[in-house]
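**Q** this is a predicted model, with the sequence first.
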There are 2 protein chains.
Amino acid sequence: MELVSRLAQLIPSIGHNTKSISLEVGIGDDAAVLRLSPGSEWVTSCDFSLEGTHFRPEYPPESIGYKALARATSDLVAMGAKPRYFLLALALPAGKTGKWLRRFASGMSRAAREFDMPLIGGDTSRSDTVTICVTVLGQIPSGLSVLRSGASPGDHIYVTGTLGVAQLGLEIARRGLSRQRSLARYLHAHLYPQIPVSLGQALAGHHIPSAMMDISDGLSTDLARLCTASHIGAQIYAGQLPAPKIPSTLLSRGIDPLALALHGGEDYGLLFTVPPHAVPRLSRIARHTKITRIGEITRHRDIILIHPDGRSSPLPAKGWNPFS
Amino acid sequence: MELVSRLAQLIPSIGHNTKSISLEVGIGDDAAVLRLSPGSEWVTSCDFSLEGTHFRPEYPPESIGYKALARATSDLVAMGAKPRYFLLALALPAGKTGKWLRRFASGMSRAAREFDMPLIGGDTSRSDTVTICVTVLGQIPSGLSVLRSGASPGDHIYVTGTLGVAQLGLEIARRGLSRQRSLARYLHAHLYPQIPVSLGQALAGHHIPSAMMDISDGLSTDLARLCTASHIGAQIYAGQLPAPKIPSTLLSRGIDPLALALHGGEDYGLLFTVPPHAVPRLSRIARHTKITRIGEITRHRDIILIHPDGRSSPLPAKGWNPFS
């Protein structure tokens, strides 16, 4: 059987004989065909997951599949869109088309079910290392998408979840501590990032954020991108950052919770700004999700970190950069 | 400057400050946002172009960029859609982010202008080998897309262009004959495939084909896919295939024009079937393009090759298979 047909069997997908509200043609033809209802817009993005760059070859194949789809879907969530469909381009070494592929597909299927988005097409090929590119398509009522460019001076800055947990998991994997039971939940955050799918839609649907993006490369790097797009600056309170509690065995190895929270990547939480008048509505909408106010947008263009003792210092962008 | 911003400068693209009829948000945010007019549908597909699998590292970077976009766009053409936008996921070794990238972008830009499709987003990363995934978005009036599954017994089978020229170019590159001037046009067909963008739309717009797809992996393999999707068979006349004229220097090296025409991949022409009643309309629509009738669709499921002497034999699918 061709690899594409096997993938279509292993991952929740839409082929020729399935009817869907907005999909005319799914897997099995040259391309997928989408119909759109009036009043809504499509949101699209694509993301690589590459062996050696985004994951290590010894990672569980389930996590590679789960995270590849979560990474890409996070961009839809950050626009406020509802995930709808995805395309999977997958190139594998010949030795990974059996059991490895089934485990990979099982992880990706779990994500596809959680996000309620079936596979509708893609490409398969061969390569020496596992090479994944996921393209996602989401839908949003016209005019509701939340950009990076809408933040204004005085807006409050929020993040979801805890910052730096995924990075902590990566440090654990790098130090060969993956088998320590007490560290399992940090490793899990690195391997299976939980993205706030419903919250993104709820925030956009209630017109709450003035700007929003996902934190993929680390707060310091992604906040700088938001500030550049919005032509503003920010001040961040170090003492308010939702940093992870570091197990004592790791503290002694030089892992610093503040550095993790500021620069650690791959949490895939949301970074968003809220005008003061919308803050009461935010509290109602987000009452089931952990959100933390970490600072304010400022008129001057700098990004400043205010320490608990009142000192302030510039916050350099030291998150993940594939070319550094 | 971030790599994505450099790409946006180097390739015709739509960012925040450009207005487009159906694009709300382009490059520079988490995802692109598309608005659709009533009565039309979106067509989407993605295609890898991988070093070692789809091109050799020594190929001109311009051709790698051109062909990556042409390969993907060919799937839109095969549905009858008008190319509209594309996403580029590009991972490079650190040594290729300078001159190599500019030459790559120049080739991709040429394709983007020819197909009239700007870049609207994507992803950049680092990898040891050049890794490209192009996602294309096309538009088509509702209900007009031409699938692989519509062929019926008695339909005539057509192909565009000459079959096997790109494969001939690949054989020339493999044999180290790339510098021979008399062979340049075959090599050019391999490096810069010309895809019939207007013809695909015209055929679909006039309801001419009952089934259509692009020939990417070779006639024998792609025709088998069309027959499987349509639950029919086919007979092909070997003497009618538009095979390339092989230069005598290559004939003596064992290159067989019939094998090239039957199994040679990457021409990216169209394979389509036409009911007899639509043939007169086809002649009017396609009068400026080389099209050749090569056989008929049959009720029995086999694919048969009829030789010039009247003998017939089964036609095995021997086109490109990345895992063979």
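**A** Cool, got the structure.

**Q** every contact and neighbour count from this point should use C-alpha atoms.
**A** OK.

**Q** ok now stretch A:132-144, how far from the chain's centre?
**A** 13 Å (Cα atoms, centre = their mean, to the nearest Å).

**Q** same question for stretch A:222-233.
**A** Relative to where its chain is centred, stretch A:222-233 has its mean C-alpha point 18 Å off (Cα atoms, centre = their mean).

**Q** send the alpha carbons of that stretch over as PDB?
**A** This file holds the C-alpha atoms of stretch A:222-233, laid out as PDB (Å, rounded to 0.1, in the frame of the first residue of the first chain):
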ATOM      1  CA  ASP A 222       8.600  36.500  21.300                       C
ATOM      2  CA  LEU A 223       7.700  39.600  23.400                       C
ATOM      3  CA  ALA A 224      10.300  41.500  21.300                       C
ATOM      4  CA  ARG A 225       8.500  40.400  18.200                       C
ATOM      5  CA  LEU A 226       5.200  41.500  19.500                       C
ATOM      6  CA  CYS A 227       6.700  44.900  20.500                       C
ATOM      7  CA  THR A 228       8.300  45.400  17.100                       C
ATOM      8  CA  ALA A 229       5.000  44.500  15.300                       C
ATOM      9  CA  SER A 230       3.100  46.900  17.600                       C
ATOM     10  CA  HIS A 231       5.700  49.700  17.600                       C
ATOM     11  CA  ILE A 232       5.700  49.900  21.400                       C
ATOM     12  CA  GLY A 233       7.800  48.700  24.400                       C
END
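
**Q** mean confidence for that stretch?
**A** Stretch A:222-233 shows a mean pLDDT of 96.

**Q** A:Ala234 contacts A:Ile306, doesn't it?
**A** No. A:Ala234 lies out of contact with A:Ile306 (Cα atoms under 8 Å); the separation is 10.5 Å.

**Q** what's the burial count for A:Lys99?
**A** The local packing of A:Lys99 (other Cα atoms under 10 Å in any protein chain shown) involves 11 other residues.

**Q** whoops, A:Arg284 was the one
**A** Other residues close to A:Arg284 by other Cα under 10 Å number 9.

**Q** using CSV, write out every CA atom in the helix or strand containing it.
**A** When secondary structure is defined using DSSP states H and E, the element that contains A:Arg284 is helix A:279-285. Extracted in CSV, the C-alpha atoms of helix A:279-285 (Å, rounded to 0.1, in the frame of the first residue of the first chain):
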residue,chain,number,x,y,z
VAL,A,279,-9.7,43.2,32.1
PRO,A,280,-13.0,42.5,34.0
ARG,A,281,-14.2,40.5,31.0
LEU,A,282,-10.9,38.6,30.8
SER,A,283,-11.3,37.4,34.4
ARG,A,284,-14.7,35.9,33.5
ILE,A,285,-13.6,34.2,30.3
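
**Q** need the contact partners of it.
**A** Under the criterion Cα atoms under 8 Å, 6 or more residues apart in numbering or on different chains, residues A:Ala202, A:Leu203, A:Ile208 lie in contact with helix A:279-285.

**Q** ok, A:Ala234 and A:Ile306, which is more surrounded?
**A** Using other Cα under 10 Å as the criterion, A:Ala234 and A:Ile306 rank with A:Ala234 on top: 26 against 19.

**Q** next one: phi and psi at that one?
**A** Here the main-chain torsion angles of A:Ala234 (degrees, to the nearest 10) amount to phi -150, psi 150.

**Q** which stretches of chain A form helices?
**A** Assigned by DSSP state H, chain A shows helices spanning A:3-10, A:61-77, A:99-115, A:165-174, A:184-191, A:197-205, A:219-230, A:248-251, A:257-263, A:279-285.

**Q** how about the second one, does it reach chain B?
**A** Which is helix A:61-77. Yes. With Cα under 8 Å from any Cα of the partner chain as the criterion, chain B is reached by helix A:61-77 at A:Asp75, A:Leu76.

**Q** one step back: go through the contacts of helix A:279-285 and name the one nearest chain B.
**A** Ranking these by separation from chain B, with Cα to the nearest Cα as the measure, puts A:Leu203 on top at 15.9 Å.

**Q** got the contact list for that closest one?
**A** Contact analysis of A:Leu203 by Cα under 8 Å, 6+ apart lists A:Gly80, A:Pro209, A:Leu282, A:Ile285.

**Q** ok, now how distant is the third one from B:Ile306?
**A** In other words, A:Leu282. Here the criterion is Cα to Cα, to the nearest Å. By it, A:Leu282 lies 72 Å from B:Ile306.

**Q** so A:Phe48 touches A:Cys133, yeah?
**A** Yes. A contact is recorded between A:Phe48 and A:Cys133 when judged using Cα under 8 Å, the distance being 4.4 Å.

**Q** neighbour count: these two, which is higher?
**A** Shown here are A:Phe48 and A:Cys133; by other Cα under 10 Å, A:Cys133 has more neighbours (31 against 28).

**Q** residues contacting that one?
**A** Contact partners of A:Cys133, counting by Cα under 8 Å, 6+ apart, are A:Cys46, A:Asp47, A:Phe48, A:Ser49, A:Ala68, A:Leu88, A:Ala89, A:Leu90, B:Ala89, B:Cys133.

**Q** distance of it from A:Leu92?
**A** Note on A:Cys133: its distance to A:Leu92, by Cα to Cα, is 12 Å.

**Q** and stretch A:173-192, what's buried?
**A** Residues of stretch A:173-192 classed as buried by neighbour count (16 or more other Cα atoms under 10 Å in any protein chain shown): A:Ala173, A:Leu177, A:Ser178, A:Leu183, A:Tyr186, A:Leu187, A:His188, A:Ala189, A:His190, A:Leu191, A:Tyr192.

**Q** likewise stretch A:221-235?
**A** Taking 16+ other Cα under 10 Å as the basis for neighbour counts, the residues of stretch A:221-235 that come out buried are A:221-227, A:229-235.

**Q** so which residues make contact with that stretch?
**A** A:148-153, A:211-216, A:263, A:271, A:295-306, A:316-320.

**Q** run the last query once more with 6 Å
**A** Surrounding stretch A:221-235, the residues in contact under the criterion Cα atoms under 6 Å, 6 or more residues apart in numbering or on different chains are A:148-151, A:295-305, A:317, A:319.

**Q** strands paired with the lowest-mean-pLDDT helix or strand in chain A, and their directions?
**A** Considering only helices and strands, the least confidently modelled element of chain A by mean pLDDT, DSSP states H and E is strand A:23-25, at a mean of 71. In the sheet, strand A:23-25 lines up against strand A:32-35 (antiparallel) (DSSP bridges).

**Q** I'd like the average pLDDT over the partner strand.
**A** Confidence over strand A:32-35, taken as the mean pLDDT, stands at 78.

**Q** go on, stretch A:278-294?
**A** For stretch A:278-294, the per-residue pLDDT averages 94.

**Q** can you give me the end-to-end span of it?
**A** 16 Å.

**Q** who in the stretch 51-200 of chain A is up against chain B?
**A** The stretch 51-200 of chain A comes close to chain B at residues A:Asp75, A:Gly122, A:Asp123, A:Ser125, A:Arg126, as judged by Cα under 6 Å from any Cα of the partner chain.

**Q** identify, from the buried residues of stretch A:221-235, the entry nearest to chain B.
**A** Each of those was scored against chain B by Cα to the nearest Cα, and A:Ala229 proved nearest at 8.1 Å.
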